[in-house]
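Chemist: Mind looking at a prediction? Sequence and model below.
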Amino acid sequence: MMSKKNYSEDTEKSQSLKSYINPLLVTVIIVAITLAWQWYETRHQIANLQQELAKRLSEIDSFGKKSRDIATEAQEASRQIQAKFNLLETKLAESQNQQVALEALYHELARNRDEVTLEEVEQLLLIANQQLQLAKNVKAALIAIEEADNRLQRIDRPRLLPLRRIITKDIDLLKTLPYVDITGISLRLDDLFTMVDTLPLAMEIRPPENNSDMKRTPTTESIWLQFAREAWGDVKQLVRIQNMNRPDIPMLSPSQTYFLRENLKLRLLSARYALLAQNGAAFKADLKISLDWVNQYFDVKSKSTVSMLGTLRQLYGNEIGIELPNISASLDAVRNYRLTRDQGNR
């Protein structure tokens with residue numbers, strides 16, 4: 001009884017166990033398969049990730065090498081740039097030093113050029129004053145002072161404007177003076193000087209030839225009558241009577257004639273010196289005496305004498321005695337400017 005009972009119980013247990021084990025086993029198998037599949041899939045993904053990671057690491061390594069090469073090149077380029085920069089700095093420093101030296105040299109040259117120009121201007125103004133005060137040559141003085149103004153204009157410095165203003169005033173003073181052609185008058189006096197020796201004296205006037213008595217001798221006239229007629233004609237030529245229309249014609253010896261001409265030349269030379277000295281009174285006095293001598297001692301009907309008298313009268317009408325202005329203000333201004341400039345440079 002016991003065995004059957006036990007057997008039935010075992011049978012029931014085994015059946016209940018089978019009914020219990022089958023679903024559990026299936027579940028376990030499914031879970032195991034799932035886990036295996038997941039493990040396989042995970043492993044496959046891990047392998048892929050490893051390959052991708054290796055590939056990325058290889059690329060990173062290659063990129064790192066390239067980066068290192070680039071960095072090396074960049075460092076080399078940086079060193080070259082730094083070297084070039086240092087060289088440029090050195091050259092820049094040298095260029096700055098050269099520029100400073102050139103600026104100093106330029107200022108020195110400019111100062112020297114200004115100084116030389118001021119010296120030239122002072123000399124020109126001194127010449128202008130000498131020409132005006134000593135030689136009485138207004139034209140030469142005007143040329144010299146205008147050249148001085150042109151020299152200052154070339155410098156073109158604002159601080160020189162007061163000097164140019166003073167020089168311009170002196171130029172205006174000279175331009176207001178009446179123009180006297182010293183050279184032209186002097187040349188005309190020289191021409192008169194050379195004409196003196198060719199002027200005929202009044203005492204040397206000869207009456208015109210009278211040919212009224214010179215008749216053709218008839219061919220039928222005898223030789224004795226022809227001889228007598230020619231002899232009488234020669235006798236009439238020995239003495240001539242002529243109305244000179246000048247009862248006071250002086251009779252001069254050859255020595256007196258020589259000294260007359262020389263004294264007339266001296267008067268013309270004296271008039272020339274008076275012209276150069278701008279001495280109007282002396283100039284007119286010498287010309288007046290020359291006119292009187294030519295009218296008194298020389299033949300006033302000859303062409304040379306008429307020409308000389310006309311020239312003397314024209315020269316006598318010229319006014320050469322003009323009052324000359326004082327243009328020393330410009331010269332004093334330049335000298336004072338140079339003195340002040342030299343004191344400032346010290």
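Modeler: Yep, it's here. Numbering: from 1, shown residues only.

Chemist: hey, where'd the helices end up in the chain?
Modeler: Assigned by DSSP state H, the chain shows helices spanning 2-133, 138-155, 161-175, 182-195, 223-238, 254-276, 280-297, 303-316, 328-345.

Chemist: Tally up the residues packed near the residue nearest to Lys169 when sequence neighbours are not counted, please.
Modeler: Residue nearest to Lys169 in three dimensions, not counting chain neighbours: Ala329, with 7.3 Å by CB to CB, 6 or more residues apart in numbering. Yep, even glycine has a C-beta here, placed from its N, CA and C like the rest. Neighbours of Ala329 under the rule other CB atoms under 10 Å: 15.

Chemist: for the one 5 residues further on, same thing?
Modeler: Other residues near Val334 number 24, with proximity taken as other CB under 10 Å.

Chemist: which residues sit in contact with it?
Modeler: Residues near Val334 by CB atoms under 8 Å, 6 or more residues apart in numbering: Leu118, Val121, Glu122, Leu125, Leu163.

Chemist: Dump the residues you listed to CSV, plus neighbour count, pLDDT and distance to Ala74.
Modeler: Converted to CSV, those look like this (neighbours: other CB atoms under 10 Å; pLDDT from 0 to 100; distance: CB to CB, whole Å):
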residue, neighbour count, pLDDT, distance to Ala74
Leu118, 21, 86, 63
Val121, 26, 90, 66
Glu122, 17, 90, 69
Leu125, 27, 92, 72
Leu163, 20, 89, 66
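
Chemist: Reformat those as CSV; add distance to Gln133.
Modeler: Output for these, formatted as CSV (distance: CB to CB, whole Å):
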residue, distance to Gln133
Leu118, 22
Val121, 18
Glu122, 16
Leu125, 12
Leu163, 21
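
Chemist: from these, which is closest to Ser290?
Modeler: Taking CB to CB as the measure, Ser290 sits nearest to Leu125 out of the contacts of Val334, at 38.5 Å.

Chemist: and the gap between the closest residue to the closest one other than its chain neighbours and Val121?
Modeler: The shortest distance from Leu125 to any non-neighbouring residue, by CB to CB, 6+ apart, is to Leu331 (4.2 Å). Going from Leu331 to Val121 by CB to CB, to the nearest Å gives 9 Å.

Chemist: Walk me through the domains of this protein.
Modeler: Domain ranges of the chain: 93-177+327-345, 182-237+252-316, per automatic domain parsing.

Chemist: Out of the ones you listed, which is closest to Arg43?
Modeler: Closest of those to Arg43 is domain 93-177+327-345, at 70.9 Å (criterion: CB to CB).

Chemist: I'd like the distance from that closest one to the chain centre, please.
Modeler: Remark: domain 93-177+327-345 is offset 14 Å from the chain centroid, using CA atoms, centre = their mean, to the nearest Å.

Chemist: residue contacts, Ala231?
Modeler: Ala231 touches nothing, counting by CB under 8 Å, 6+ apart.

Chemist: What's the per-residue pLDDT of it here?
Modeler: We have a pLDDT of 76 for Ala231.

Chemist: Now do it against Trp224, distance only.
Modeler: Ala231 is 11 Å from Trp224, where distance means CB to CB.
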